[in-house]
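Novice: Got a predicted model here, sequence first, then my questions.
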Amino acid sequence: MEQQIQKNLNVAGEPAWRQYARLVVGGGGLGALLRHELVTGCFGNCPGALGLWLRRKLYPGLLGACGRGLIAGSQVTIRGAARIRLGNNVALDNNVVLDARGDNAEIVLGDNVLVSRNTIIRARNGRIVIGEGSDIGANCLLATDSSLEIGREVLLAAYVYVAAGGNHRYDDVSRPIMQQGFVSKGGVRIGDDVWIGTHSTVLDGVTVGPGSVVGAHSLVNRSLAERSVAWGVSAVRRHERGATGAEPSA
């Protein structure tokens, strides 16, 4: 798979507006694009309670599906809006990016999910699902070209990076790396009731078992069993949650 954004914006013989619509709206005609541009352009940066109220009323109409009680802060960026589905009482803080890029992309946020400011959630021809009640911290990057599943009531601290697929191939030295496509190890699965500490990274092919805790500044490149307490580079299971032992800083 080549760089999808470049493919979408460089289709020979296709009007530029249609290529742009594919990126930001996820399809549809000129009317859908104009509505998206009008709503986000006029009200995306509207401050205070008025801005929150206007976005609550108008943004659901841009999305594939949206429950009641949406909270959308200022400068929230929505790409591939038709492929994004939000549950009830979802909260998107200032400068959040939801980017569902490609014909097979999908982003699903369950009820009562909170996404804190400056966080990017990007599905590039892949699927991201975040279970109800989960709290995604500030300045996180959640990205996949295959599958990223986050369970219920999961805590991701600030600056967590989850790379669920999209690893560049580099075996052919005769071609630039960016032209060689991607390889996936199957995505990432984070179970219910997991806490991942700040500045940690979770790599493709990993499952973090339900009830686990990952300490700050950890690199999770191997799967962790249920109720693991783990930290380090690479993250190592130190003991089972609830058992006696030193606890990490998260």
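Specialist: Received, thanks.
Novice: what's the next secondary structure element after the helix-or-strand element of the chain with minimal mean pLDDT?
Specialist: Across the helices and strands of the chain, mean confidence by mean pLDDT, DSSP states H and E is lowest for helix 4-8: a mean of 53. Once the chain leaves helix 4-8, the next helix or strand it forms, by DSSP states H and E, is helix 16-24.
Novice: Mind jotting down where the helices sit in this protein?
Specialist: Along the chain, the stretches classed as helices by DSSP state H are 4-8, 16-24, 30-43, 48-58.
Novice: of all those helices, which lies closest to Ser234?
Specialist: Across the helices of the chain, Ser234 has its closest neighbour in helix 4-8 (30.1 Å, C-beta to C-beta). No exception for glycine: its C-beta is placed from N, CA and C like everyone else's.
Novice: count of residues packed around the closest residue to Gly69 other than its chain neighbours?
Specialist: Setting aside the residues directly before and after it, Gly69 is nearest to Asn89 in space (C-beta to C-beta, 6 or more residues apart in numbering), at 4.0 Å. The tally of other residues near Asn89 (other C-beta atoms under 10 Å) stands at 17.
Novice: can you pull the pLDDT of Asn89?
Specialist: Looking at Asn89, its pLDDT stands at 98.
Novice: if we can go back for a sec, what would the helices of the chain look like in JSON lines with distance to Gly186?
Specialist: Shown next, in JSON lines, are the helices of the chain (distance: least, C-beta to C-beta, whole Å):
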{"stretch": "helix 4-8", "distance to Gly186": "19"}
{"stretch": "helix 16-24", "distance to Gly186": "27"}
{"stretch": "helix 30-43", "distance to Gly186": "33"}
{"stretch": "helix 48-58", "distance to Gly186": "36"}
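Novice: Mind telling me which of the ones you listed the model trusts least?
Specialist: Among those, helix 4-8 scores lowest, at a mean of 53.
Novice: From Leu98, how far off is the residue nearest the centre of the chain?
Specialist: Taking C-alpha atoms, centre = their mean as the criterion, Ile121 is the residue nearest the geometric centre of the chain, at 2.2 Å. Using C-beta to C-beta, to the nearest Å, Ile121 is found at 5 Å from Leu98.
Novice: Mutual contacts of these two, please.
Specialist: Taking C-beta atoms under 8 Å, 6 or more residues apart in numbering as the criterion, Ile121 and Leu98 both touch Ile107.
Novice: What about Asn118, how many residues nearby?
Specialist: Asn118: 18 neighbours (other C-beta under 10 Å).
Novice: what residues are up against it?
Specialist: 93-96, 138-139.
Novice: and with 10 Å instead?
Specialist: Counting by C-beta atoms under 10 Å, 6 or more residues apart in numbering, Asn118 touches 75, 93-97, 137-141, 158-159.
Novice: Let me know the pLDDT of it.
Specialist: 98.
Novice: how much space between it and Asp93?
Specialist: In this view, Asn118 and Asp93 are 8 Å apart by C-beta to C-beta.
Novice: Now for those two: what residues contact both?
Specialist: Residues touching both Asn118 and Asp93 by C-beta under 10 Å, 6+ apart: Ala138.
Novice: Poorly predicted segments of the chain, please.
Specialist: The chain contains residues with pLDDT under 70 at 1-13, 28, 166, 244-250.
Novice: Determine how far stretch 15-28 lies from the middle of the whole chain.
Specialist: 21 Å (C-alpha atoms, centre = their mean, to the nearest Å).
Novice: residue contacts, Gly211?
Specialist: 151, 191-195, 225-229, 240-242 are the contacts of Gly211 under C-beta under 10 Å, 6+ apart.
Novice: Apart from its chain neighbours, what residue comes closest to it?
Specialist: Nearest residue to Gly211 in three dimensions, chain neighbours excluded: Arg227, at 4.2 Å (C-beta to C-beta, 6+ apart).
Novice: ok, the one you found - how many residues close by?
Specialist: Using other C-beta under 10 Å: Arg227 sits among 19 other residues.
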